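Chemist: what follows is a predicted structure for the sequence shown.
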Amino acid sequence: MNKPLLFKGLKKMSLFLLCCFIGPVVVHQAFKNQEHHLYMPVLILGILFLMTAFYYGFTGIRTLVSALLGERKTKL
């Protein structure tokens with residue numbers, strides 16, 4: 001088990017969880033206030049949070065698996 005890589009993966013997963021909660025809240029608030037003049041910037045910010053959550057989710061899981069199981073030795 002690679003401890004520095006494990007901590008790196010846990011940091012990515014914590015950012016994933018943070019963005020998973022912030023993103024939908026921001027998008028929901030944007031849709032609730034569609035007549036407001038800042039509707040589009042808030043909606044774009046929420047979508048960026050959601051895309052960041054997807055990125056950190058996939059890379060965090062990949063990092064955790066690499067830390068726990070080790071790197072692949074052979075290529076298929």
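Modeler: Cool, got the structure.

Chemist: low-confidence ranges in this protein?
Modeler: Applying pLDDT under 70 to the chain picks out residues 72-74, 76.

Chemist: show me the contacts for the residue nearest the centre of the chain.
Modeler: Nearest to the geometric centre of the chain sits A53, at 2.0 Å (CA atoms, centre = their mean). Counting by CB atoms under 8 Å, 6 or more residues apart in numbering, A53 touches F16, C19, C20, G23. (Glycine included, C-beta is placed from N, CA and C.)

Chemist: which element is it on?
Modeler: Element membership for A53, per DSSP states H and E: helix 39-69.

Chemist: for that helix, list every residue counted as buried.
Modeler: 42-43, 45-46, 49-50, 52-53, 56-57, 59-60, 63-64, 66-67 (16 or more other CB atoms under 10 Å).

Chemist: tell me the one of those residues nearest K11?
Modeler: Sorting these by how near they are to K11, with CB to CB, puts G60 at the top with 8.1 Å.

Chemist: skipping adjacent residues, who's closest to the closest one in space?
Modeler: K12 (3.4 Å; CB to CB, 6 or more residues apart in numbering).

Chemist: what's the burial count for that neighbour?
Modeler: K12 sits with 20 neighbouring residues when counted by other CB atoms under 10 Å.

Chemist: quick check, it in contact with Y55.
Modeler: No: assessed by CB atoms under 8 Å, K12 is found out of contact with Y55, at 9.1 Å.

Chemist: could you look up the SS state of Q34?
Modeler: coil (DSSP: H, G, I helix; E, B strand; the rest coil).
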